[in-house]
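**Student:** Structure for the following, please:
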Amino acid sequence: MDGLVDSLMEELNCNVVFTIPLFGGIDVLESVVVTWIIMAIIMAASLLLVRGLKIRQINNRQAALESGIAFIYGFFEDLLGEDGKDYIPYLITVVIYIGIANMIGLLGFKSPTKDLNVTASLAVMSIILVEAAGIRKKGVKNWVKSFAEPIPIVAPINILELFIRPLSLCMRLFGNVLGAVVVMALIKYLIPLVIPLPFSFYFDIFDGIIQAYVFVFLTSLYIKEAVE
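**Tutor:** Residues are numbered from 1 along each chain as shown. Prediction:
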């Protein structure tokens with residue numbers, strides 16, 4: 001049992017990779033370094049995929065790229081409506097980041113979403129965007145008035161919801177990743193090494209993509225609610 005606990009702690013602990021000698025020393029955690037790696041992967045893939053784009057007589061790569069982007073844009077546009085189209089690039093970026101972050105464990109890296117600070121940051125950014133979308137659509141005055149809808153007595157509940165939503169997004173993403181870590185640790189502890197491989201692919205790929213989808217789906221619903 002001690003081995004199981006040690007395995008869980010090793011999976012969940014975010015080690016300090018190096019320290020920046022500024023303001024008394026800033027520790028750079030493993031989750032931050034892996035996020036930089038993911039950013040580099042996304043940037044490199046973006047540069048490679050958009051090379052040599054044409055208007056006519058496009059190749060198969062460009063056709064596949066355009067079909068994929070059109071499908072994703074169409075999916076989010078159906079969720080957000082016409083008023084939410086401006087926020088689609090952010091949602092695409094987030095779903096790609098979370099998807100890669102959840103699957104990067106297959107390459108031997110520790111997933112950044114195992115760090116509560118990362119999931120909390122994603123949730124806070126998304127909720128700030130949601131409220132900014134509401135202010136942009138309604139104006140500050142009407143946005144403030146919306147907290148008293150449908151009746152003024154519910155205003156404290158609506159204000160409290162500003163803090164509940166990011167907490168919900170954060171804990172849902174982190175909790176599902178944590179649950180996958182615990183299940184995998186139990187499987188590895190109880191049965192031989194070869195058998196957990198299919199489960200590892202399930203949690204790192206299928207479940208990782210599902211969690212990315214759920215996060216942006218809920219964010220899309222919040223944005224739609226804010227701009228309506």
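**Student:** Against Gly74, how distant is the residue nearest the centre of the chain?
**Tutor:** Central residue of the chain (Cα atoms, centre = their mean): Ile98, 3.9 Å from the mean position. In this structure, Ile98 and Gly74 are 20 Å apart, going by Cβ to Cβ, to the nearest Å. For the C-beta atoms, the positions are set from N, CA and C on the backbone; glycine is no exception.
**Student:** Surely Arg61 and Leu49 touch.
**Tutor:** Yes. In this structure, Arg61 is within contact of Leu49 by Cβ atoms under 8 Å, at 7.3 Å.
**Student:** Could you list the low-confidence segments of the protein?
**Tutor:** 1-13, 18, 23, 184-185, 187-204 (pLDDT under 70).
**Student:** longest single helix anywhere in it?
**Tutor:** For the chain, the longest helix by residue count, based on DSSP state H, is helix 155-190.
**Student:** Which strands or helices does it pack on?
**Tutor:** In terms of contacts (3 or more Cβ pairs under 8 Å, 6 or more residues apart in numbering; DSSP states H and E), helix 155-190 is packed against helix 2-12, helix 116-145, helix 196-201, helix 207-227.
**Student:** circling back: what sits against the closest residue in space to the residue nearest to the centre of the chain that isn't next to it in sequence?
**Tutor:** For Ile98, ignoring the flanking residues on the chain, the nearest one in space by Cβ to Cβ, 6 or more residues apart in numbering is Ala212 at 3.8 Å. By Cβ atoms under 8 Å, 6 or more residues apart in numbering, the contact set of Ala212 is 94-96, 98-99, 102.
**Student:** Which residues does stretch 127-143 contact?
**Tutor:** 83-84, 87, 90, 146, 162, 165-166, 169, 219, 222-223, 226-227.
**Student:** do stretch 71-82 as well
**Tutor:** Applying Cβ under 8 Å, 6+ apart, the contact partners of stretch 71-82 are 84-85, 87-88, 91-92, 216-217, 220-221, 223-224, 227-228.
**Student:** can I assume Cys170 is in contact with Val118?
**Tutor:** No. Using Cβ under 8 Å, Cys170 is not in contact with Val118; the gap is 9.4 Å.
**Student:** So those two - more neighbours on which side?
**Tutor:** Val118 (25 against 22; other Cβ atoms under 10 Å).
**Student:** Can you tell me the closest non-neighbouring residue to the more buried one?
**Tutor:** Nearest one to Val118, counting by Cβ to Cβ, 6+ apart, is Pro112 at 4.6 Å.
**Student:** This completes my enquiry, with thanks.
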